[in-house]
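[1] What follows is a predicted protein model with its sequence.
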Amino acid sequence: MFVDPAQERAMRRALALAARARGETSPNPVVGCVVLDAAGQVAGEGYHAYAGGPHAEVVALREAAGRAEGGTLLVTLEPCDHQGRTGPCTEAVIEAGVRRVVYAVADPHPVAGGGARRLAEAGVEVEEGLLAAEAERVNAEWLTCTRLGRPHVTWKFAATLDGRSAAADGSSQWITGPEARHDVHELRARCDAIVAGSGTVLADDPRLTVRGVHRHDHRLTPRRPLRVVADTRARTPLTSRVLDDEAPTLIAVAEDTDATALEGRVAVVRLPRDDGGLDLTALLAELRERQIVSVLLEGGPTLAGSFVAAGLVDRVVAYLAPRLLGAGPAALGDAGVATLAAAHHLEIDDVTRIGTDLRITAVRPAVETPTRPVAARRET
């Protein structure tokens, strides 16, 4: 199908705008928008900068003003048709006199979705699917959470080229260089919660906080993702740095565990057991109830293996250092795979050199969305 080069350029610009606010809009999606006037020239652009703020379409239409009439609006996510903290974007589009709307990905939200049909019923030409794969990647966290009803999970680890996360003596600081470690903080700043196991807390006493990262709009308030410790037996020491005041913390323990000491110090949630450990599906459900959209899984081959075995990892970010150890713990523990044929398959999404190290990002295979017009619903 023919794609108008001007519209493709505009959608790529909308995707770049959406990406600016990654980590800032939760529990809302990231959305970018560009308005072309009737002559095909850029008249306005914008993005959803924070939850509760104006949506991308509204920002772009305000900038376009009267030039939007008879023009084309390109947006990374289907315009909403829901009255929430802000009004329906569909009404703003219709009132502006936009002739055509092109959106990349349909809104799967059961309440806010359906905007395309509302626009089509009002006589607006609507098309879905332009640069859908790219839009899926930019908004992967929110789309996964909305479609599956659980937070999107990214597993991050650092290892040597032979896959060791620590030396034989247990030392692991630092496998990667300072540039890679700063990049991890960038990764943390884009998530809502950071999850680690009690083994990691006991061995490394990590802070699990964001440091040295500025928000996209240069606000001074630092990102403070929820720190979550999967601690089946309530072993987290009361002197642990994850219990300081730098960020909120939640300790998840088994429902039959005595966690009296922790409950007097920090928020504790009790969860069912599963094969001796915590029920990870229940853990993610609890986080979803707390409006957590994106989770960064850090530290611990055992916990990582359990998440992978349960099919709960959506993205893997591996930082590989040009070192060889030959011994020491592997980055991933038992993931429920006994044969090569049963391996968990991913697609390479990005390979980038970070200082002296390599960052490899892999994701679950994507399902492409075809480009297609949207017809108006027939009344019966």
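    Yep, that arrived. Residues are numbered from 1 along each chain as shown.

[2] quick one, longest helix in this structure?
    Counting residues, the longest helix found in the chain (DSSP state H) is helix 5-20.

[3] ok, for Pro301, nearest residue in space, not its chain neighbours?
    Computed as C-beta to C-beta, 6 or more residues apart in numbering, the closest residue to Pro301 that is not its neighbour in sequence is Gly333, at 3.7 Å. No exception for glycine: its C-beta is placed from N, CA and C like everyone else's.

[4] Name all residues that make contact with that neighbour.
    300-306 (C-beta atoms under 8 Å, 6 or more residues apart in numbering).

[5] go again using 7 Å as the cut-off
    By C-beta atoms under 7 Å, 6 or more residues apart in numbering, the contact set of Gly333 is 301-302, 304-305.

[6] shaky segments in the stretch 201-350 of the chain?
    Applying pLDDT under 70 to the stretch 201-350 of the chain flags residues 214-222.

[7] mind listing the strands for it?
    For the stretch 201-350 of the chain, applying DSSP state E, counting those that start in this stretch gives strands covering 226-230, 249-254, 267-271, 273-274, 277-278, 294-298, 315-321, 347-354.

[8] To what extent is Met134 buried, counted in neighbours?
    No Met there; residue 134 is Glu. Glu134 has 17 neighbours, counted by other C-beta atoms under 10 Å.

[9] Show me what the one helix or strand it maps to is packed against.
    Glu134 belongs to helix 132-138 when assigned by DSSP states H and E. Judged by 3 or more C-beta pairs under 7 Å, 6 or more residues apart in numbering; DSSP states H and E, helix 132-138 is in contact with helix 5-20, strand 100-105.

[10] what residues does stretch 342-358 touch?
    Here stretch 342-358 has contacts from 137, 176-180, 183, 308, 316, 319-322, 335, 337, 359-365, using C-beta under 7 Å, 6+ apart.

[11] isn't Gly277 right next to Arg233, touching?
    No: contact criterion C-beta atoms under 7 Å: Gly277 and Arg233 do not qualify, at 9.8 Å.

[12] quick one: which of these two has more around it?
    Gly277 (17 against 13).

[13] Test of understanding: give the bridge partners of the more buried one.
    As for beta bridges, Gly277 partners with Asp274 under DSSP bridges.

[14] what about it, distance to Asp314?
    Distance from Gly277 to Asp314, counting by C-beta to C-beta, to the nearest Å: 20 Å.

[15] check which helix or strand covers the residue most central in space within the chain.
    The centroid of the chain falls nearest to Glu141 when counting by C-alpha atoms, centre = their mean (2.9 Å). Element membership for Glu141, per DSSP H and E: helix 140-148.

[16] Could I get the buried residue list for that helix?
    Residues 140-146 are the ones in helix 140-148 that count as buried (16 or more other C-beta atoms under 10 Å).

[17] now the angle from that helix to strand 347-354?
    Interaxial angle, helix 140-148 versus strand 347-354 (axes from the mean of the first three to the mean of the last three C-alpha atoms, to 10 degrees): 160 degrees.

[18] So what touches helix 140-148?
    Counting contacts by C-beta under 7 Å, 6+ apart, the residues outside helix 140-148 that touch it are 29, 105, 108-109, 136, 151-152, 288, 293-294, 314.

[19] can you tell which of the strands of the stretch 201-350 of the chain is closest to Gly115?
    Smallest distance to Gly115 across the strands of the stretch 201-350 of the chain (C-beta to C-beta): 23.8 Å, for strand 294-298.

[20] Report the residue ranges of every domain in this structure.
    For the chain, the structural domains run 5-143, 149-363, going by automatic domain parsing.

[21] so which of those domains is the most packed in?
    domain 5-143 (a mean of 21; mean count of other C-beta atoms under 10 Å).
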